[in-house]
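Enquirer: Predicted model, plus sequence, below.
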Amino acid sequence: MPGAGILILFARRKKTVPYTYKLDHPQKARLSDYDPDYHAGMRKEEAEEELAYLRDELADLQELLYGAGTHSVLIVLQGRDTSGKDGTIKHVMANINPQGCQVTSFKAPTPDELAHDFLWRIHRHTPAKGMIGIFNRSHYEDVLVVRVHRLAPESVWKKRFDHIDDFERMLADHNTILIKLCLHISKNEQKERLLAREEDPAKAWKLAAGDWQERPYWDAYTEAYEDALGRCASLQAPWHIVPANHKWFRNLAVAHTLVETLQPYRQEWQSALDETGRKALAELRGVKARLGEG
Ligand code: AMP
Ligand code: MG
């Protein structure tokens, strides 16, 4: 039975080694408390093997989510430039059925978007029931880059923590499972990655002068991230701080977090799916009986 290995592996690791740091209630968060180099004492090969299992598990859970149609899943990906948001989507979601998944990348707002409240452009991309929505950056930019670069006065962005809490609670009340991931890298690692982009022609397309220009704001971003993480952490919309200096561990940690969050719904989704199947069969039998085809 191919699934048995993963269950044992999963149960063993889940209890003993947390892969991400979870914040599930408001608190004072300090990024320096979390080691971006952390890798749970694992080797790369070991992590890749486990990631392969978890990717299959995720695909399995997605199918149930889609079939049951009772919940939606919203994955929020945040992190500094080069922290690996794109890489995470590529590597962790590799086995996901594209029909049940929608990725939205949020860039600097257009004039039309700026003429509305900050959640207007976000809300229209939240996932429908049965779907997984992935936000590559999100409404959190409105308390991060906006705060750091004073794109709005404090009196405006400060109120947004409450707006975000209310918005996320509303989504959760509508059966949205929220998984918020903050990819945590060190300042040194960021420099290495920016330099690597310059040196490797295959990576040069990702270069953005803006990324270097953001580096002097490192500490201001730290402060903004700490407030956003600590202020908007709740049971229904927890933050996970992902150690992301090692790309291979980051992928594993994210996959593990997704599976761990969705796994408890497996039984419920399976039952909903079975019930739908029973109803469809009963209806079909009725139709066939009426047509004399029974
Ligand atoms: P990238 O993710 O590298 O494609 O870059 C997207 C850029 O859009 C980043 O520099 C973000 O800070 C910026 N951005 C995203 N959302 C907002 C926002 N609400 N206000 C201002 N800039 C934003
Ligand atoms: Mg960028």
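Expert: Arrived safely, thanks for sending. Ligands and ions are numbered 1, 2, ... in the order given.

Enquirer: Please list the residues of the stretch 151-294 of the chain that sit near ligand 1.
Expert: Counting by CB under 6 Å from any ligand atom, the stretch 151-294 of the chain comes close to ligand 1 at Leu151, Gly210. C-beta coordinates here come from the backbone N, C-alpha and C atoms, glycine included.

Enquirer: quick one: the helices in the stretch 151-294 of the chain?
Expert: Along the stretch 151-294 of the chain, the stretches classed as helices by DSSP state H, counting those that start in this stretch are 154-157, 160-173, 187-199, 209-214, 218-231, 247-262, 266-290.

Enquirer: low pLDDT regions in the stretch 1-150 of the chain?
Expert: With pLDDT under 70 as the threshold, the stretch 1-150 of the chain has low-confidence stretches at 1-17.

Enquirer: Figure out which of the helices of the stretch 151-294 of the chain is closest to Ala59.
Expert: Proximity of those to Ala59 was assessed by CB to CB; the nearest stretch is helix 247-262, lying at 10.5 Å.

Enquirer: Give the other helices and strands that that closest one contacts.
Expert: Counting contacts by 3 or more CB pairs under 8 Å, 6 or more residues apart in numbering; DSSP states H and E, helix 247-262 packs against helix 2-16, helix 44-68, helix 85-92, strand 176-184, strand 239-243.

Enquirer: Out of the helices of the stretch 151-294 of the chain, indicate the one that is most buried.
Expert: helix 247-262 (a mean of 23; mean count of other CB atoms under 10 Å).

Enquirer: quick revisit: same list (the helices and strands packed on helix 247-262) but as JSON lines, adding mean neighbour count.
Expert: Putting the helices and strands packed on helix 247-262 into JSON lines (neighbours: other CB atoms under 10 Å) gives the following:
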{"stretch": "helix 2-16", "mean neighbour count": "12"}
{"stretch": "helix 44-68", "mean neighbour count": "18"}
{"stretch": "helix 85-92", "mean neighbour count": "19"}
{"stretch": "strand 176-184", "mean neighbour count": "23"}
{"stretch": "strand 239-243", "mean neighbour count": "26"}
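
Enquirer: And the ones you listed: which comes nearest Ala196?
Expert: Ranked by CB to CB, the member of these that lies closest to Ala196 is helix 85-92, at 12.5 Å.

Enquirer: Now the stretch 1-150 of the chain against ligand 1: closest residue?
Expert: Each residue of the stretch 1-150 of the chain has a distance to ligand 1, by CB to the nearest ligand atom, and the smallest belongs to Glu141, at 3.3 Å.

Enquirer: SS state for that residue?
Expert: State at Glu141, reduced to three classes by DSSP: H, G, I helix; E, B strand; the rest coil: helix.

Enquirer: got the contact list for the closest residue to it other than its chain neighbours?
Expert: Ranked by CB to CB, 6 or more residues apart in numbering and with sequence neighbours excluded, the top spatial neighbour of Glu141 is Phe106, at 6.2 Å. Remark: with contacts taken as CB atoms under 8 Å, 6 or more residues apart in numbering, Phe106 is in contact with Arg121, Ile122, Phe135, Asn136, Arg137, Ser138, Glu141.

Enquirer: what's the closest of the helices and strands packed on helix 247-262 to Ser32?
Expert: Ranked by CB to CB, the member of those that lies closest to Ser32 is strand 176-184, at 10.4 Å.

Enquirer: Quickly run through the sheet partners of that closest one, with directions.
Expert: Applying DSSP bridges to the sheet, strand 176-184 is found paired with strand 72-79 (parallel), strand 239-243 (parallel).

Enquirer: Centroid-nearest residue for this structure?
Expert: A centroid search over the chain (CA atoms, centre = their mean) returns Ile75, at 3.0 Å, as the residue closest to the centre.
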